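Colleague: With the sequence up front, the predicted model follows.
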Amino acid sequence: MLESEFQRKLIDELQTLFPGALVYKNETKQGIPDLTVLYKKHWALLECKKEKNASHQPNQDYYVERANQMSFSRFIYPENKQEVLDELQQAFRIRRKTRASEPK
């Protein structure tokens, strides 16, 4: 899968997961992560990669680490997508519906 296709699908998934979220594709300044996610009073930066071993551009590691110190930032690719989305839900303090047992 191309990175652009992964990114497009990820944007759709983020908007479904976080209703009302603003998801912006960032300008191409070397090293700045691809996506900004604004949700309620929270924000995150995500750097999309087509696969785990894809190369990193100069400064990407710096910006992802720096933004993560301020709020939430990760490299995201198909192999870790679910883990990152779970972490993002925790960071945004999203409460999942609990599975209650059916009354007997």
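Modeller: Right, received. Where do you want to start? Quick caveat, the model's predicted, so the values are computed rather than measured. Residues are numbered from 1 along each chain as shown.

Colleague: so where do the helices sit in this structure?
Modeller: Taking DSSP state H, the helices of the chain run over residues 3-17, 60-70, 81-91.

Colleague: how about these, which one is nearest Ala44?
Modeller: helix 81-91 (5.9 Å; CB to CB). For glycine as for every other residue, the C-beta is placed from the backbone atoms N, C-alpha and C.

Colleague: Would you mark the buried spots in the closest one?
Modeller: 81, 84-85, 88, 91 (16 or more other CB atoms under 10 Å).

Colleague: can you name the two of those residues that are farthest apart?
Modeller: The most widely separated members of these, counting by CB to CB, are Lys81 and Ala91 (15.3 Å).

Colleague: Spatially central residue in this protein, please.
Modeller: Centroid-nearest residue in the chain, with CA atoms, centre = their mean: Leu46, separated by 4.5 Å.

Colleague: hang on, the earlier thing: let me have the buried residues of helix 81-91 in a markdown table, adding pLDDT and distance to Pro33 as columns.
Modeller: Output for the buried residues of helix 81-91, formatted as a markdown table (pLDDT from 0 to 100; distance: CB to CB, whole Å):
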| residue | pLDDT | distance to Pro33 |
| --- | --- | --- |
| Lys81 | 97 | 15 |
| Val84 | 98 | 12 |
| Leu85 | 97 | 15 |
| Leu88 | 97 | 13 |
| Ala91 | 94 | 15 |
